[in-house]
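1. fold the following and give me the result.
(one chain, ligands or ions: 1)
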Amino acid sequence: MEPTIIDGKAIAAQIKEEVRLEVEKERAAGREVTLAVILVGDDPASAVYVRNKKKACETVGIRSLSLELPADTDTETLLSHVRELNDRKDVDGILVQLPLPAQIDEQKVLRAIDPMKDVDGFHPVNVGLLAIGEPQVVSCTPAGVIELLVRSGVEIAGKEAVVVGRSNIVGKPMAHLLLQRNATVTIAHSRTKDLKEVVKRADIVVAAVGKPRMITSEYIKEGAAVIDVGINRDAETGKLCGDVDFDDVAPVCSAITPVPGGVGPMTIAMLMKNCLELSRIRQR
Ligand code: NDP
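-> Below is the predicted model:
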């Protein structure tokens, strides 16, 4: 049977359109939804990410403020900017583009963001709320994976889900979100024994490893849904590829995300959704 190819680009566009309509309603009620983005230094990849985020803001009608600081900015200076944005009533979401230059204490900066403006969902308060099953803002990539599953009609409750990868920004929040939706969740990582057997139990596989095409058909149970979070550069062709060997896995699974065009576009769409949500939470 042909698998469903989950179209992340189309689903992300749908979400952005939903956000745009809601942002319009906010504006009609006299409220301007605003995202502040801080970029430190001149890392070209970070500059592209920030540009894309600003573009998405324009698409959905969110006002974006940007603060570009020199590469030699110290932790205290950055903290003072974050505090200023925390205090501003007209700012709903604050995003500090990562990675930060080495001299900056990244954790200290992320923890200084007001949890009510923490649009990336990285603050320990938001991580803790997710862990107790009362999420407020959730890390954008795993939140996007849930949207992909739900909007593609993949049932989650009661299913075996295996998340490969346990990072704080993808693997762990992913596992919590699946658990919240009543999947039976296993988190696998680099020290997992018999990884193939563990992943083969899954009805839903989420690969967030960072290893090009590591997950082959040998890891996949017939009919599983496979979500590929990985964004890797193929060493030979230089092209983008995921953690899943798409051509090998597609014939055995029921649904699969491509790379590019799967999870990638969802991250920014969820960022927009988070910003809108934060503006609403602050009004309550
Ligand atoms: P990290 O490097 O932080 O985490 C990778 C995880 O994979 C770790 O938990 C690690 O285990 C595990 N791992 C590494 N090698 C193996 C292995 N051989 N077998 C089993 N587990 C292994 O990566 P991220 O979570 O930040 O990102 C993962 C991937 O997702 C990357 O390709 C990244 O580019 C992509 N990504 C995509 C996003 C998007 O928007 N689509 C957003 C964020 C990330 P251990 O903990 O034991 O070291």
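2. next helix or strand past the helix or strand residue 76 falls within?
-> Counting by DSSP states H and E, the element that carries residue 76 is helix 75-87. Following helix 75-87 in sequence order, the next helix or strand is strand 93-96 (DSSP H and E).
3. could you dump that next one to PDB, C-alpha only?
-> Only the C-alpha atoms of strand 93-96 are listed here, as PDB (Å, rounded to 0.1, in the frame of the first residue of the first chain):
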ATOM      1  CA  GLY A  93       6.700  37.000  22.700                       C
ATOM      2  CA  ILE A  94      10.500  37.200  23.100                       C
ATOM      3  CA  LEU A  95      12.800  35.000  21.100                       C
ATOM      4  CA  VAL A  96      16.500  34.800  21.500                       C
END
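4. so for that strand, mean pLDDT?
-> In this model, strand 93-96 carries a mean pLDDT of 98.
5. near the ligand at all, it?
-> No - on the criterion CB under 6 Å from any ligand atom, strand 93-96 is out of touch with the ligand, staying 13.8 Å away. C-beta: built from backbone N, CA, C; applies to glycine.
6. does the residue of the stretch 1-150 of the chain found nearest the ligand sit in a helix, a strand or a coil?
-> Residue nearest to the ligand within the stretch 1-150 of the chain: residue 141 (4.1 Å; CB to the nearest ligand atom). Under DSSP: H, G, I helix; E, B strand; the rest coil, residue 141 falls in the helix class.
7. so it sits against residue 265, correct?
-> No - taking contacts as CB atoms under 8 Å, residue 141 lies outside contact range of residue 265: 11.0 Å.
8. residue contacts, the nearest residue to residue 232 once chain neighbours are set aside?
-> The shortest distance from residue 232 to any non-neighbouring residue, by CB to CB, 6 or more residues apart in numbering, is to residue 212 (4.2 Å). Residue 212 makes contacts with 230, 232-235, 241-243, as judged by CB atoms under 8 Å, 6 or more residues apart in numbering.
9. go through the residues you listed and say which is closest to residue 45.
-> residue 233 (11.3 Å; CB to CB).
10. the closest one: neighbour count?
-> If you count neighbours by other CB atoms under 10 Å, residue 233 ends up with 11.
11. and if you look at residue 231?
-> Neighbours of residue 231 (other CB under 10 Å): 18.
12. any idea how far it is from residue 240?
-> 6 Å (CB to CB, to the nearest Å).
13. what is in contact with those two at once?
-> Shared contacts of residue 231 and residue 240, defined by CB under 8 Å, 6+ apart, comprise 259-260.
14. work out for me the element the residue nearest to residue 232 sits within.
-> Going by DSSP H and E, residue 212 is not in any helix or strand.
15. just residue 193 next, same as before
-> Per DSSP H and E, there is no helix or strand for residue 193.
16. give the contact list for it.
-> When contacts are counted by CB under 8 Å, 6+ apart, residue 193 touches no other residue.
17. next, give phi and psi for it.
-> Phi and psi for residue 193, reported as degrees, to the nearest 10, are phi -90, psi 150.
18. next: residue 10.
-> phi -70, psi -40.
19. contact residues of the protein facing the ligand?
-> Checking the chain against the ligand by CB under 6 Å from any ligand atom, the hits are 141, 164-167, 169-171, 188-192, 195, 208-211, 229-232, 263-264, 267.
20. ok, the residue nearest to residue 232 to residue 242 distance?
-> 8 Å.
21. shared neighbours, those two?
-> 230, 232.
22. quick check: which ranges of the stretch 1-150 of the chain have low pLDDT?
-> In the prediction, the stretch 1-150 of the chain carries no residues with pLDDT under 70.
23. where do the helices sit along it?
-> 8-28, 44-60, 75-87, 106-112, 124-131, 140-151 (DSSP state H, counting those that start in this stretch).
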